[in-house]
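> Quick check, what structure comes out for this input:
(one chain, ligands or ions: 1)
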Amino acid sequence: MIRLEHVTKTYPKASRPSLDDVSVSIEKGDFVFFIGPSGSGKSSIVKLMLHEIKPNKGKVFVNGKEISSMRSWKIPSFRRSIGCVFQDFRLLPNKTAYENVAFALEVIGKSKAVARRVVPEVLELVGLGGKEHRYPHELSGGEQQRVAVARAFVNRPLILLADEPTGNLDPDTSIEIMRLLDRINRTGTTVVMVTHDSNIVNQMRRRVIEIEGGRIVRDQARGVYG
Ligand SMILES: Nc1ncnc2c1ncn2[C@@H]1O[C@H](COP(=O)(O)OP(=O)(O)OP(=O)(O)O)[C@@H](O)[C@H]1O
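Residues are numbered from 1 along each chain as shown. Have a look, this model is predicted:
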């Protein structure tokens, strides 16, 4: 599903690589945590997977395609095929929960009729039934993140990337968001999550890949934070 082959990434003006000869393979349906100290290269891995940055050396394969050589006009639709959730939710502030989720369908050309059928379903799934018409500022942080998860999942992506999705949430709310990601994973979606949250990692007991100084130092099935 996702494969990095000997990937090295050195940002312009940097004196040393942020990722140094990283190779990793993530299968369909996996649930993977990327952990490691601040600045170790975790977000850079997510950015490579989304083709937001390009490797200096090595190859990145997503869904069987080598994305490092993808034509630029194909990149927007490629990105839309991956669900993304971030620490800061990134909802559109002037759109309701319903509209935020419906917007993800609109941009891939789905009709309003499809949105009317699918959006309430997915908002129900994330536990926001009845709050469809609230604006982000009328929702708690946890609820906003649920909207973001609904938006990421509404197109039933094969891959969901989550960069510190619980970073702004309290422990109980974080666990609720993890339950959702776990449910999504059980539908067959591959979930890749960057986190500093040791409790979450220790509770979930999924694959843990630890990065330090741009290199993979541990790759453990059913791992702990360490
Ligand atoms: N656009 C950039 N230009 C130059 N250097 C960058 C850029 N983005 C990241 N870096 C550097 O690359 C290294 C890895 O950064 P990255 O954001 O991948 O780390 P991270 O593990 O996600 O950190 P954190 O946990 O703090 O979010 C850091 O040393 C960072 O300073």
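
> bridging residues for the spatially most central residue of the chain?
Geometric centre of the chain, nearest residue: Leu161, 1.6 Å, by CA atoms, centre = their mean. Beta-bridge pairing of Leu161 under DSSP bridges involves Cys84, Val192.

> Cys84 is in contact with that one, correct?
Yes. Under the criterion of CB atoms under 8 Å, Leu161 makes contact with Cys84 at 5.1 Å. All C-beta atoms are positioned from the backbone trio N, CA, C, and that covers glycine.

> Spell out which parts of the protein neighbour the ligand.
11, 14, 18, 36, 38-44 (CB under 6 Å from any ligand atom).

> List only buried entries from these.
The neighbour-count test (16 or more other CB atoms under 10 Å) applied to those identifies 18, 36, 40-44 as buried.

> In a markdown table: those residues, plus distance to Ile67, pLDDT and secondary structure.
Converted to a markdown table, those look like this (distance: CB to CB, whole Å; pLDDT from 0 to 100; DSSP: H, G, I helix; E, B strand; the rest coil):
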| residue | distance to Ile67 | pLDDT | secondary structure |
| --- | --- | --- | --- |
| Ser18 | 18 | 97 | coil |
| Gly36 | 23 | 97 | coil |
| Ser40 | 22 | 96 | coil |
| Gly41 | 18 | 96 | coil |
| Lys42 | 19 | 96 | helix |
| Ser43 | 17 | 94 | helix |
| Ser44 | 15 | 96 | helix |
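
> which one of these is nearest Gly129?
Using CB to CB, Ser43 is the member of those that lies nearest Gly129, at 33.0 Å.

> can you dump the C-alpha coordinates of the helix-or-strand element of the chain with minimal mean pLDDT into PDB?
In the chain, the helix or strand scored least confidently by mean pLDDT, DSSP states H and E is helix 75-80, which has a mean of 90. Extracted in PDB, the C-alpha atoms of helix 75-80 (Å, rounded to 0.1, in the frame of the first residue of the first chain):
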ATOM      1  CA  ILE A  75      -1.100  15.400  -7.800                       C
ATOM      2  CA  PRO A  76      -4.300  17.100  -6.600                       C
ATOM      3  CA  SER A  77      -6.500  14.100  -7.400                       C
ATOM      4  CA  PHE A  78      -3.900  11.800  -5.800                       C
ATOM      5  CA  ARG A  79      -4.000  13.800  -2.600                       C
ATOM      6  CA  ARG A  80      -7.800  13.800  -2.500                       C
END
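
> So what's the gap between it and the chain middle?
Its chain's average C-alpha position is 14 Å from that of helix 75-80, according to CA atoms, centre = their mean, to the nearest Å.

> And the contacts of that helix?
By CB atoms under 8 Å, 6 or more residues apart in numbering, the residues outside helix 75-80 that reach it are 50-51, 62, 67, 70, 104, 107-108, 155.

> before we move on, the earlier item: overlap in contacts of Leu161 and Cys84?
What both Leu161 and Cys84 touch, as defined by CB under 8 Å, 6+ apart, is the set Leu50.

> Would you mind listing the residues in contact with Ile184?
149, 153, 160, 191.

> Can you give me the pLDDT of Arg16?
Note on Arg16: pLDDT of 94.

> so it touches Thr8, yeah?
No. In terms of CB under 8 Å, Arg16 does not count as a neighbour of Thr8; the distance is 10.4 Å.
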